[in-house]
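Engineer: After the sequence you'll find the predicted model.
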Amino acid sequence: QVQLVESGGGLVQPGGSLRLSCAASGSILGIYVMGWYRQAPGKQRELVAEIDSGGGTNYADSVKGRFTISRDFAKNTVYLQMNSLKPEDTAVYYCNADMRILLSTRSTRGNYWGQGTQVTVSS
């Protein structure tokens, strides 16, 4: 059993900042990539940012220069610092992890999702 628990969403004015956190817990043997996705009403879920086990990062063009993803490897936690927020950043933000877990007596690699946290940017 594994869990991804997100926190840090909320309502913020345009130009403001928020910091999202996501902690993975359970029978985790290793995490390859952790990332953040978002889904706005009526739109498909899209990648916001991701960070691999070597610290390499990848960002959506729409957030480059405004968002920063970071990771605490010891705590299996990923963060998303969001600055200069715009109304178009409004969405449900989901944490994602590509990881290997212990399932009964064997290991398996899979893709896991958090429950989502709402970010609303509005004046």
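Structural biologist: Here it is on my side, so go on. Numbers count the residues shown, from 1 in each chain.

Engineer: Next up, the contacts around the most centrally placed residue in the chain.
Structural biologist: The geometric centre of the chain, computed from its C-alpha atoms, lies nearest to residue 36 (Cα atoms, centre = their mean), at 2.7 Å. Remark: with contacts taken as Cβ atoms under 8 Å, 6 or more residues apart in numbering, residue 36 is in contact with 20, 22, 47-50, 69, 78, 80, 93-96. Yep, even glycine has a C-beta here, placed from its N, CA and C like the rest.

Engineer: Check residue 112 too.
Structural biologist: By Cβ under 8 Å, 6+ apart, the contact set of residue 112 is 2, 4, 24, 96-97, 99.

Engineer: Tell me what the residue nearest to the centre of the chain is bridged to.
Structural biologist: Per DSSP bridges, residues listed as beta-bridge partners of residue 36: residue 49, residue 95.

Engineer: what about it, distance to residue 73?
Structural biologist: Summarising the geometry, the distance separating residue 36 from residue 73, computed by Cβ to Cβ, to the nearest Å, is 17 Å.

Engineer: List every C-alpha atom in stretch 78-97, with coordinates, as CSV.
Structural biologist: Listed next in CSV are the C-alpha coordinates belonging to stretch 78-97 (Å, rounded to 0.1, in the frame of the first residue of the first chain):
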residue,chain,number,x,y,z
VAL,A,78,8.3,16.7,-3.7
TYR,A,79,7.5,20.4,-3.6
LEU,A,80,6.2,22.9,-6.1
GLN,A,81,7.0,26.6,-5.5
MET,A,82,4.6,28.6,-7.6
ASN,A,83,5.3,32.3,-8.0
SER,A,84,3.8,35.1,-10.1
LEU,A,85,0.6,33.1,-10.3
LYS,A,86,-1.9,33.8,-13.0
PRO,A,87,-5.7,33.1,-13.3
GLU,A,88,-4.9,30.5,-15.9
ASP,A,89,-2.9,28.5,-13.3
THR,A,90,-6.2,27.7,-11.6
ALA,A,91,-6.7,24.0,-11.6
VAL,A,92,-6.6,20.9,-9.5
TYR,A,93,-3.0,19.9,-9.0
TYR,A,94,-2.1,16.3,-8.7
CYS,A,95,1.1,14.7,-7.4
ASN,A,96,2.5,11.8,-9.4
ALA,A,97,5.2,9.3,-8.7
